[in-house]
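Colleague: Quick one, what's the 3D model for this:
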Amino acid sequence: MGAMPEKRVLVIDDNPINLKITCAVIRRAGFITHESESAEAGLLALEHELPDLIVTDLNLPGMNGIQFTRKVKQVALWKAIPIVLLTASELLSDRALAEEAGCECLLPKPIDTKLFPGVIRSYLGEVPVGPDQPEGPSIPLGDLRREFLAAGVAECRRLIAEASMNRSLVGAVDYPSIRSAVHRWSGVGGTLGFPTITTKSRALNAALASPTEDTPGQVRQMMHDLLEQFTHARPIEVVASSRRVYPAGRGIRVEAADASGAGGG
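Modeller: Residues are numbered from 1 along each chain as shown. You can find the predicted model right below:
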């Protein structure tokens, strides 16, 4: 029996660490990855080579993942390519928009590195790797964890310094920059074995959603708490999650989220 043809996955994410993690998990499952850091770059990549599957983040600079999906599904040559959308959002409206755009699957961040390969294989028609088959290259968790923590410390310190320049904060602080940071942290923390960072990032994002006169003090304290986590966090090994993928609407699959993310960090 001849070798099965190699399957290719286009991965789109503007967060370098997220991009590395997602691509590493997919390659370990036995597939080839091509990377893009924006939806616009992803569309250019499609013009040169058609992948068998697209995995894209929802929140991207410029065109977001839902807008990208709409563009892809409008092109006859591309519309049959399945699209898996990754998101740290828990909004039901995002699920509805993803379905309307034609997305086949919506997965929460942090991704579960033990369950995620099975989702990918389900769209590529591959049989899961058996115990007698060699696995792909290992995921460089140590390097990715160090990179994530170092970047988190630097960004926390910068944001805290900017916030301290104006004690009133409301109307003075760059809230979009903080939201962008906590979105990245919540999406990566659990996958790398830092679920507390994901939980605290989500709490900070909730506090920023509806600022009040008490928000400035809450934000400062939460940022200091996150800085402490980034400075002293130690990865924990998390057993494989029991999360399931549910069908909804016209075949879109939606997986329930938790903060633990990676089964095994």
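Colleague: distance of Ser93 from Leu60?
Modeller: 18 Å (C-beta to C-beta, to the nearest Å). No exception for glycine: its C-beta is placed from N, CA and C like everyone else's.
Colleague: higher neighbour count, these two?
Modeller: Leu60 (23 against 8; other C-beta atoms under 10 Å).
Colleague: how about the strands of the stretch 51-200 of the chain, start to end?
Modeller: If DSSP state E, counting those that start in this stretch is used as the criterion, the strands of the stretch 51-200 of the chain fall at 53-57, 83-87, 105-108.
Colleague: Given the last one, what are its sheet partners and their directions?
Modeller: When pairing is defined by DSSP bridges, strand 105-108 lines up against strand 83-87 (parallel), strand 252-255 (parallel).
Colleague: Could you tell me the angle between the first one and strand 53-57?
Modeller: With axes from the mean of the first three to the mean of the last three C-alpha atoms, to 10 degrees as the basis, strand 83-87 and strand 53-57 are set at 20 degrees to each other.
Colleague: Can you get me a residue count around Ala96?
Modeller: With neighbours defined by other C-beta under 10 Å, the count for Ala96 comes to 13.
Colleague: what's the spacing between it and Phe68?
Modeller: 17 Å.
Colleague: Out of the strands paired with strand 105-108, point me to the one whose mean pLDDT is lowest.
Modeller: Least confidently modelled of the strands paired with strand 105-108 is strand 252-255, at a mean of 53 by mean pLDDT.
Colleague: how about low-confidence regions in this structure?
Modeller: Regions of the chain meeting the criterion pLDDT under 70 cover residues 1-5, 90-92, 126-137, 165-174, 237-265.
Colleague: Show me the domain layout of it.
Modeller: In the domain annotation for the chain, the residue ranges read 8-139+239-255, 141-232 (automatic domain parsing).
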